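**Q** A predicted structure for the sequence below; I have some questions about it.
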Amino acid sequence: MIKLIVLNTCQVRPLSMAAILDVFNSVNQQYQHKGLPPFFHIEVAGAGDLPLVPKADLVFIPAFLSGDLGAAVSENREFISWIVAQYQLGVPIASFCTGAFLLAATGLLNGKRATTHVMAAPVFKKLFPHVLLQPEAVVTHDAGLYTSGGATSSFHLMLYLLEKYCGRSMAIEMAKMFSIDMDRQQQLHFAGFSPIRNHSDSVVKNIQEQMEKRYMDITTVDALVREIPVSQRNFVRRFKQATGVTPIDYLQQTRIEAARQLLEHTDLSMMEIMCHVGYGDMKSFRNLFLRITGLTPKAYREKYALAAGRFFTHHLPVMN
């Protein structure tokens, strides 16, 4: 029997905890229906319970409820040494969604591939620059450390682990029971651009504001940098340190976010949208949109546009 420990962290997201318990209890029920003993021995452990768990077979870190993920990590520092000790004993560790922040705080993910909720990726990159973050990934596995993307991606990690421990047939049974699409390979199209603004660099904030107001007519980032008394090299370093991305990435993501809004909420043509967000070449626009969102503009509109024509508007979105 596999001893599965689910960490009951401070600010744990109830839905994440419930999903884990529901899936693995359902697996046990399936085994029992077949006249077999439960496959998993499931325990929920808070920080005070850890001394009673000398060794697990598998450890799960659920997602956090908090919007301040740095604070959530600080509140759960009691778990860090125990997680490290378990990993050193050869125990696989799996984090779900923003639970990756606590796993990264252990240092175990340094130099390894990981993912998290795609909208938490900028903060994750800033806090844990040595982790090889793959924000587009639904699931990652690197040296016994497993991570999943946001929300429903957690189910894909559970299916991945069920196939590893119980076999593919059980994974398929659970996929059917919980109506999970087993073939999803990326989560980029779920993301919106949520830039980091709660930093203290006034020069960077000013350029961020300029990009968000003038993204459609800014020719180059260099033109913006020439307006401030800072060298380009120093500015790029400061910008990435403050926001987690380079200035050109910020401008591109700002433009693509504007294009997303237009695709979702207007019936403007692709050419009109391309021009409005500051691009003059359809192939370049399409390739950039595909790289950032994981979908072509046409596929994105088909997936997310408001269906009824009466909801369409020609009002252009304003970046907040």
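**A** Received the coordinates, thanks. Numbering: from 1, shown residues only.
**Q** C-alpha only now, for contacts and for neighbours.
**A** OK.
**Q** now the helices: where do they sit in the stretch 151-300 of the chain?
**A** In the stretch 151-300 of the chain, the helices defined using DSSP state H, counting those that start in this stretch lie at 153-166, 168-177, 202-214, 221-225, 232-243, 247-265, 270-276, 282-293, 297-304.
**Q** Need the contact partners of the fifth one.
**A** Helix 232-243 is contacted by residues 122, 126, 195-197, 199, 201, 204, 222, 225, 245-247 when judged by C-alpha atoms under 8 Å, 6 or more residues apart in numbering.
**Q** Which helix or strand contains the closest residue to Leu127 other than its chain neighbours?
**A** Excluding the flanking residues, the one nearest Leu127 by C-alpha to C-alpha, 6 or more residues apart in numbering is Gly70, at 7.9 Å. Per DSSP states H and E, Gly70 falls inside helix 69-75.
**Q** Quick check: buried residues in that helix?
**A** Neighbour-count burial for helix 69-75 flags 69, 72-73 (criterion: 16 or more other C-alpha atoms under 10 Å).
**Q** what residues does the worst-scoring helix or strand of the chain on mean pLDDT touch?
**A** For the chain, using mean pLDDT, DSSP states H and E, the weakest element among its helices and strands is helix 221-225, scoring a mean of 79. Residues from elsewhere that reach helix 221-225 (C-alpha under 8 Å, 6+ apart): 207, 231-232, 235, 247-248, 251.
**Q** Confirm for me that Val245 is in contact with Phe124.
**A** No. Contact criterion C-alpha atoms under 8 Å: Val245 and Phe124 do not qualify, at 11.5 Å.
**Q** of these two, who's got more company?
**A** Comparing Val245 with Phe124 by other C-alpha atoms under 10 Å, the one with more neighbours is Phe124, at 24 against 20.
**Q** give me every residue that touches the nearest residue in space to Tyr31 that is not next to it in sequence.
**A** Spatially, and ignoring its direct neighbours in sequence, Tyr31 is nearest to Pro38 (5.8 Å; C-alpha to C-alpha, 6+ apart). Pro38 is in contact with 1, 27-29, 31-32, counting by C-alpha under 8 Å, 6+ apart.
**Q** helix or strand for Pro38, which one?
**A** Secondary structure assignment for Pro38, by DSSP H and E: no helix or strand.
**Q** Straight-line length of stretch 209-220, end to end?
**A** 15 Å (C-alpha to C-alpha, to the nearest Å).
**Q** can you confirm His141 is in a helix?
**A** No. Looking at His141 with DSSP: H, G, I helix; E, B strand; the rest coil, it is strand, so not inside a helix.
**Q** Identify the bridge partners of it.
**A** Legend: beta-bridge partners of His141 under DSSP bridges are Tyr146.
**Q** Same check on Val131?
**A** Asn110.
**Q** ok, now how distant is it from Gln32?
**A** Distance from Val131 to Gln32, by C-alpha to C-alpha: 40 Å.
**Q** who has more neighbours, those two?
**A** Shown here are Val131 and Gln32; by other C-alpha under 10 Å, Val131 has more neighbours (19 against 13).
**Q** Am I right that that one is in contact with Leu109?
**A** Yes. Using C-alpha under 8 Å, Val131 is in contact with Leu109, at 5.7 Å.
**Q** quick check: domain ranges of the chain?
**A** If you go by automatic domain parsing, the domain ranges for the chain are 2-190, 202-311.
**Q** quick one, which of the ones you listed is packed in tightest?
**A** domain 2-190 (a mean of 18; mean count of other C-alpha atoms under 10 Å).
**Q** And that one, how far out from the chain middle?
**A** 13 Å (C-alpha atoms, centre = their mean, to the nearest Å).
**Q** Now do the least confident helix or strand of the chain: distance to the chain's middle.
**A** 30 Å.
**Q** Can you tell me how far the closest residue to Asp181 other than its chain neighbours is from Ala305?
**A** With sequence-adjacent residues excluded and distances taken as C-alpha to C-alpha, 6+ apart, Asp181 is closest to Ala175, at 7.0 Å. Look at Ala175 and Ala305: by C-alpha to C-alpha, they are 28 Å apart.
**Q** Spatially central residue for the protein, please.
**A** The centroid of the chain falls nearest to His117 when counting by C-alpha atoms, centre = their mean (2.0 Å).
**Q** ok, now how distant is the residue in the chain sticking out farthest from the centre from Asn28?
**A** Of all residues in the chain, Gly35 sits farthest from the chain's C-alpha centroid, using C-alpha atoms, centre = their mean; the distance is 39.2 Å. Here the criterion is C-alpha to C-alpha. By it, Gly35 lies 11 Å from Asn28.
**Q** Fine by me, we can end here.
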